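J.: turn this into a structure:
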Amino acid sequence: MQKPEDRKEICVWGEMLGAAVPDDYDKLVHSFDAEHPTGYELDDMSKILAGYHDFLDKWSFQGDFPTDSSLFQAIGARCYYFWQRILEQSRADNANDMLVISGRESTTIDNHSGLVDNHRAFKGDPALIAKALGPEVLFLQPRHMIVRTGDEDLVDVFLLNNDGRSGPHTLHVTARNPDGSVACTFERPVQAAGGNVFGQLLTEGPEVPASKAGMLNLEASLTSERPGTPALTGSDQIEVIDVTGPPLLEKIAVVEPGTEVTQTLTDVFQVRPAKPSDPQLDAIVPATKKGGGDLTPDMSRDIFAEALRRTHDDGTRLVLWPDTNSRAEAFAKALAAQGIVHYQGTVGNLGAPWFGSWFFVRKHWLLDGLPTGCAMDWRYGISAFSGPAWLHDNPRGSRTDGLLLDAPGMEAVVGYGADHNTKVGVSGCIIPYGKGQIVLYCLPELVQSLRPGNLAISPVVCQRLLGNALRSGTITE
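T.: Numbers count the residues shown, from 1 in each chain. Here you go, the predicted structure:
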């Protein structure tokens with residue numbers, strides 16, 4: 001943003017950080033009929049739709065996405081919600097005069113991050129963006145969108161005011177737990193500035209307790225002391241995650257180049273890792289961070305071979321925890337070399353945020369306590385871009401990607417797609433092997449995100465993912 005004291009220039013922001021999502025290929029393809037059997041993009045759209053339809057059918061995602069359209073709309077909501085937050089925050093800044101969202105991109109080759117597709121159809125529910133565009137908006141901004149149970153969050157409340165609302169008001173905010181019970185409520189006198197102040201902070205940082213897992217719903221109202229002035233309302237949500245959850249398996253060994261997994265088990269779950277050489281183990285977690293398409297230098301082939309033997313012969317669960325897409329690919333290649341999976345490479349990622357890529361999830365015990373039947377959006381702390389600072393500040397950082405692999409009895413849990421790509425990959429799965437199971441993820445910065453920081457995944461989510469992988473596996477109904 002420009003310096004706050006600079007009021008001599010008109011500030012216009014173009015394209016407003018558009019991040020690509022797929023068109024709703026289901027609706028588009030089926031919009032053609034006997035009277036209109038051919039048309040713009042039909043061949044390409046049909047191939048992409050077939051790729052997603054086959055993936056949803058093969059890996060049992062249809063219980064969460066009953067139609068192909070429901071998946072595309074869920075992915076579209078990821079970008080529309082992102083635009084909602086950017087527009088609200090840019091208006092609250094009170095230093096911007098015009099904000100531009102990418103509109104329609106009119107060629108097949110350059111249709112990426114527009115608000116609508118080439119047929120001018122919305123990619124998600126436009127109400128998500130409309131929420132940020134009213135002449136008056138009561139905007140609630142939690143300091144953290146994802147917190148763990150027992151934490152307290154701070155919530156700032158802004159007035160976006162293009163109608164000149166002014167004078168003394170009463171601000172009332174209520175936070176409700178997922179079961180509807182009141183977590184807290186507070187009321188404060190505030191002053192609406194009006195005039196040339198189009199965005200202002202009404203109150204800063206009241207504390208909201210997060211005691212119950214699920215969505216903590218925020219409700220606010222702004223009531224004027226001037227008779228006849230209509231009240232203004234606003235709402236938002238905070239995701240509350242029970243990180244520790246049910247008890248973990250008892251004997252867990254860790255093989256890692258750093259200390260992230262060990263510290264998480266010790267500090268978060270109060271589990272002291274066993275030694276990899278112990279005679280009996282319930283689970284082994286090999287974590288890798290550096291390197292390309294081979295397991296070295298983070299792990300020797302002998303250590304990995306012994307972990308596979310324990311999984312096959314003893315029923316020890318093997319939880320493969322790679323930090324980057326290249327390290328996930330190294331695991332996939334190692335499994336393929338042993339004939340455990342059939343591996344055909346990765347989906348790929350064009351890299352730039354306006355090209356886009358996305359993850360989506362179904363209900364499964366690996367995701368217990370986390371949102372399912374949705375795209376991995378703000379509720380997972382994953383950027384709407386292909387990568388925020390963790391990729392663009394370091395081009396060799398972790399990309400988003402998906403694996404093209406299969407195995408007898410395999411359960412895919414996380415799907416992955418990318419811009420204009422007919423291939424749909426797997427970014428989270430369970431592979432039966434002998435008496436045991438192998439858990440494999442291909443998510444960005446999976447190791448580093450276990451610790452606090454500006455990383456690819458919320459640490460609260462990442463810790464819950466690790467905990468789920470180390471529990472006895474049963475689907476939570």
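J.: mind listing the helices for this structure?
T.: Counting by DSSP state H, the chain has helices at residues 25-29, 42-58, 68-92, 127-130, 260-267, 301-314, 325-337, 389-392, 459-469.
J.: His119 is nearest to which of the ones you listed?
T.: Closest to His119 of the helices of the chain is helix 25-29 (CB to CB; 5.8 Å). Quick note: C-beta positions are derived from backbone N, CA and C, even for glycine.
J.: pull the distance from the closest one to the chain's centre.
T.: 24 Å (CA atoms, centre = their mean, to the nearest Å).
J.: and that helix, C-alpha only, in CSV?
T.: Provided in CSV are the C-alpha atoms of helix 25-29 (Å, rounded to 0.1, in the frame of the first residue of the first chain):
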residue,chain,number,x,y,z
TYR,A,25,-16.6,-27.9,-16.8
ASP,A,26,-19.6,-30.0,-15.8
LYS,A,27,-22.1,-27.2,-16.4
LEU,A,28,-20.2,-25.9,-19.5
VAL,A,29,-20.0,-29.3,-21.3
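J.: ok, residues contacting that helix?
T.: With contacts defined as CB atoms under 8 Å, 6 or more residues apart in numbering, helix 25-29 is touched by 41-42, 45-46, 48-49, 52, 67-69, 72, 117, 119, 121.
J.: try 10 Å
T.: With contacts defined as CB atoms under 10 Å, 6 or more residues apart in numbering, helix 25-29 is touched by 23, 39-42, 44-53, 67-73, 117-119, 121-122.
J.: mind checking which of these are buried?
T.: Neighbour counting with 16 or more other CB atoms under 10 Å marks 23, 41, 45, 48-49, 51-53, 68-69, 71-73, 117-119, 122 as buried within the contacts of helix 25-29.
J.: any weak-confidence spans in the chain?
T.: Filtered on pLDDT under 70, the chain yields the residue ranges 1-7, 15-16, 106, 351-353, 384-398, 474-477.
J.: domains in it, by residue range?
T.: The chain breaks down by automatic domain parsing into domains covering 12-130, 150-241, 252-469.
J.: redo these as JSON lines? Include distance to Phe139.
T.: Converted to JSON lines, the domains of the chain look like this (distance: least, CB to CB, whole Å):
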{"stretch": "domain 12-130", "distance to Phe139": "5"}
{"stretch": "domain 150-241", "distance to Phe139": "4"}
{"stretch": "domain 252-469", "distance to Phe139": "16"}
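J.: ok, which stretches of the stretch 351-477 of the chain are strands?
T.: 357-361, 374-375, 403-406, 411-418, 425-433, 436-441 (DSSP state E, counting those that start in this stretch).
J.: other SSEs contacting the third one?
T.: Same thing as strand 403-406. Where contact means 3 or more CB pairs under 10 Å, 6 or more residues apart in numbering; DSSP states H and E, strand 403-406 is packed against helix 325-337, strand 342-346, strand 411-418, strand 425-433, strand 436-441.
J.: recalculate using a threshold of 8 Å.
T.: In terms of contacts (3 or more CB pairs under 8 Å, 6 or more residues apart in numbering; DSSP states H and E), strand 403-406 is packed against helix 325-337, strand 342-346, strand 425-433.
J.: repeat that for the longest one.
T.: Packing partners of strand 425-433 (3+ CB pairs under 8 Å, 6+ apart): helix 301-314, strand 403-406, strand 411-418, strand 436-441.
J.: list the buried residues of that strand.
T.: Taking 16+ other CB under 10 Å as the criterion, strand 425-433 shows Gly425, Val426, Ser427, Gly428, Cys429, Ile430, Ile431, Tyr433 as buried.
J.: go ahead and confirm Ala456 touches Val447.
T.: No - applying CB atoms under 8 Å as the test, Ala456 and Val447 come out as separate, 10.5 Å apart.
J.: which residues touch Leu470?
T.: Contacts of Leu470 by CB under 8 Å, 6+ apart are Leu248, Leu249, Ile252, Ala283, Val285, Arg317, Val319.
J.: give me the neighbour count for the third one.
T.: Other residues lying near Ile252 total 23 when counted by other CB atoms under 10 Å.
J.: same check on the fourth one?
T.: A count of nearby residues for Ala283, using other CB under 10 Å, gives 25.
J.: before we move on, the earlier item: distance to Glu187 added to the helices of the chain, as a markdown table?
T.: Formatted as a markdown table, those follow (distance: least, CB to CB, whole Å):
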| stretch | distance to Glu187 |
| --- | --- |
| helix 25-29 | 45 |
| helix 42-58 | 48 |
| helix 68-92 | 22 |
| helix 127-130 | 28 |
| helix 260-267 | 38 |
| helix 301-314 | 58 |
| helix 325-337 | 49 |
| helix 389-392 | 38 |
| helix 459-469 | 30 |
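J.: and Gly292, which of those helices is closest to it?
T.: With respect to Gly292, and counting by CB to CB, the nearest of these is helix 325-337 at 5.4 Å.
J.: what residues does that closest one touch?
T.: In contact with helix 325-337 (CB under 8 Å, 6+ apart) are residues 288-295, 298, 301, 304, 320, 322, 341-343, 346, 349, 398-401, 403, 405, 431, 438, 440-444.
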